[in-house]
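Student: following is a predicted model, sequence given first.
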Protein chains: 2
Amino acid sequence: MSRTAARGAETRARILGIAQDAILQKGFDATSIEEIVAAAEITKGGFFYHFPDKSALARALIERHIEIEDEIFDGLWARARELNDDPLHSALIGFRLLAEMLADMPNGHPGCIVATAAYQDRLFDAAVRDLNRRAVLGWRARFRAIFDEIAAVYPPREEIDLDALADMVSTVVEGGIVMGKALGEPHMIVGQILLFRQFVKQAFQPPLH
Amino acid sequence: MSRTAARGAETRARILGIAQDAILQKGFDATSIEEIVAAAEITKGGFFYHFPDKSALARALIERHIEIEDEIFDGLWARARELNDDPLHSALIGFRLLAEMLADMPNGHPGCIVATAAYQDRLFDAAVRDLNRRAVLGWRARFRAIFDEIAAVYPPREEIDLDALADMVSTVVEGGIVMGKALGEPHMIVGQILLFRQFVKQAFQPPLH
DNA sequence: GGTATGGTGTACCGCCGGTACGGAAACTCT
DNA sequence: AGAGTTTCCGTACCGGCGGTACACCATACC
């Protein structure tokens, strides 16, 4: 990569970082391009060279966000597997680790870009909506695999829709973020995840006696 | 009420109706005042007579939304009580009625104004955020009372945080709406509510044998 | 050393939220 | 019944934002 190309890539990365911080804090629409370019110390011309429009910025952010989130989940569940090889117990550990991670965030979860886009989807183009869809389907597949493993070892006490169960992880996370924002209690999502964990435990674990 | 006052109230109601439809379909920020006044066949001067700013419109919409939603829940749980006097069974019927109601909506739940405001709260003032908070706390109180009744008759098989459980109704609904929008499957919320219902059943109902 | 290419700045457009103010109709009081 | 007030809405305008058009400069390559 040449020196000019390297400078351009650096500028692009700086825009993405500043935009992500601002958007997670204030929402996509409340974040103006002008304030982004001011913080990045460039001008609108520079911005629109890297991104043809604001939707392209959203696309890039969502792609990056999905990658980072996947890495986080990978890391969490890898650690959980290390701690316990049983699929149910390691999943329960994974949910607890997830809850702890969220609890350790001083200001709560910064918000999910996917949800931000979902609630303002008319602002975005079809490509953003499709990215969003694929992200959610990715989460479904991830947790569906986990619950499949569990169900193979621990037959659920009642028939249960494993796709719906996998989706519920995302539902509780997204809903918890919304509720936390509405309540002004960003950590309420922790309790919701722990409660979901308890449901999973009760759904698969045989009665103790 | 005089004739002019009646005309003003009619205009105001027309603005609210048009704004609600547009906002639930496109999001708050994507709905311009200009398109609202065009649809209502008035001008901006007329709009800003009824609402000092866009936040005031949001306040009025949220207040109306909360009232309507409360009435819906009241109606649903009243019917559920008619059908079964037992607190657990009537609650389970209530959740099923809720799921059926959502399933009957051809385009899915139109979206929750509370969540819309939560994800764009920088656009609104403190009064809107406070309204939002009180709405969520109202839902918590409503379902907490229901679960208290259940717990008095059916001691949960495991200790359970009843406030978190009450909040989870809202979490699943809000999360389900977000997920439905992201997936383009507006009815996925139905499965999520039925799954939550199953969890409630398993948490309180003693094992069959 | 000229020239394509990558990267940035400047000037401008149209739309939107919001303000200021004017004016017509309806209501009120005498 | 007529004058003044209130209710309700229109017109004209401002500043900020997303976006476009295009000029400009530095580097890379021949």
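Tutor: That came through fine.
Student: so what's A:Ala19 up against?
Tutor: The contact partners of A:Ala19, taken as Cβ atoms under 8 Å, 6 or more residues apart in numbering or on different chains, are A:Thr31, A:Ile36, A:Leu57, A:Leu61. In short, each C-beta sits where N, CA and C put it, glycine included.
Student: next one: the first one from A:Asp130, what distance?
Tutor: Shown here: A:Thr31 relative to A:Asp130, a distance of 23 Å by Cβ to Cβ, to the nearest Å.
Student: just want to know which of the two has more residues nearby.
Tutor: Higher neighbour count among A:Thr31 and A:Asp130: A:Thr31, with 21 against 12, using other Cβ atoms under 10 Å in any protein chain shown.
Student: what's the closest non-adjacent residue to that one?
Tutor: Leaving aside its chain neighbours, A:Thr31 sits nearest to A:Ala22 (4.4 Å; criterion: Cβ to Cβ, 6 or more residues apart in numbering or on different chains).
Student: that neighbour: neighbouring residues, count only.
Tutor: 17.
Student: ok, now the one 3 residues further on?
Tutor: Taking other Cβ under 10 Å as the criterion, the count of residues near A:Gln25 is 13.
Student: returning to that earlier point: how about the residue nearest to A:Thr31, what does it touch?
Tutor: Taking Cβ under 8 Å, 6+ apart, we find A:Ala22 in contact with A:Thr31, A:Glu35, A:Ile36, A:Ala39.
Student: so what does it look like in phi/psi?
Tutor: Backbone torsions of A:Ala22, given as degrees, to the nearest 10, read phi -70, psi -40.
Student: how long is stretch A:118-132 from one end to the other?
Tutor: 8 Å (Cα to Cα, to the nearest Å).
Student: coming back round to it: which ones among the contacts of A:Ala19 map onto helices?
Tutor: A:Ile36, A:Leu57, A:Leu61 (DSSP state H).
Student: out of the residues you listed, which one has the lowest pLDDT?
Tutor: By pLDDT, A:Leu61 ranks lowest within the ones in helices among the contacts of A:Ala19, coming in at 88.
Student: separation between that residue and A:Arg7?
Tutor: 21 Å.
Student: who has more neighbours out of these two?
Tutor: A:Leu61 (22 against 11).
Student: surely the more buried one touches A:Asp21?
Tutor: No: contact between A:Leu61 and A:Asp21 fails when scored by Cβ atoms under 8 Å: they sit 10.7 Å apart.
Student: can you tell me the helix or strand for A:Arg129?
Tutor: helix A:126-153 (DSSP states H and E).
Student: is that helix in proximity to chain B?
Tutor: Yes: Helix A:126-153 is in contact with chain B by Cβ under 8 Å from any Cβ of the partner chain, via A:Arg129, A:Asn132, A:Arg133, A:Ala135, A:Val136, A:Leu137.
Student: how far is that helix from where the chain is centred?
Tutor: Here helix A:126-153 is found 12 Å from its chain centre; the criterion is Cα atoms, centre = their mean, to the nearest Å.
Student: and it with DNA strand D, contact?
Tutor: No: Helix A:126-153 lies out of reach of DNA strand D by Cβ under 7 Å from any atom of the strand, never closer than 11.8 Å.
Student: and the helix or strand of chain A with the lowest mean pLDDT, what does it pack onto?
Tutor: Least confident helix or strand, chain A: helix A:113-118 with a mean of 72, by mean pLDDT, DSSP states H and E. Applying 3 or more Cβ pairs under 8 Å, 6 or more residues apart in numbering or on different chains; DSSP states H and E, we find helix A:113-118 packed against helix A:3-26, helix A:54-83, helix A:126-153, helix A:162-183, helix B:162-183.
Student: could you point out which element follows the fourth one?
Tutor: Okay, so that is helix A:162-183. That would be, after helix A:162-183 and using DSSP H and E, helix A:188-204.
Student: that next one vs helix B:188-204, what angle?
Tutor: Angle, helix A:188-204 to helix B:188-204, by axes from the mean of the first three to the mean of the last three Cα atoms, to 10 degrees: 70 degrees.
Student: give me the domain ranges for chain A.
Tutor: Per automatic domain parsing, the structural domains of chain A span A:1-51, A:53-204.
Student: would you mind finding the most buried of the ones you listed?
Tutor: domain A:53-204 (a mean of 19; mean count of other Cβ atoms under 10 Å in any protein chain shown).
Student: how long is it from one end to the other?
Tutor: Start-to-end span of domain A:53-204 (Cα to Cα) is 48 Å.
Student: now check that domain, is it near DNA strand C?
Tutor: No: remark: domain A:53-204 sits outside contact range of DNA strand C, by Cβ under 7 Å from any atom of the strand, the gap being at least 11.7 Å.
Student: tell me the confidence at A:Pro110?
Tutor: Note on A:Pro110: pLDDT of 63.
Student: mind listing what the spatially closest residue to A:Phe51 that is not a sequence neighbour touches?
Tutor: Of all residues not flanking A:Phe51 in the chain, A:Leu57 sits nearest, at 4.7 Å (Cβ to Cβ, 6+ apart). Shown in contact with A:Leu57 (Cβ under 8 Å, 6+ apart): A:Ile15, A:Leu16, A:Ala19, A:Phe51.
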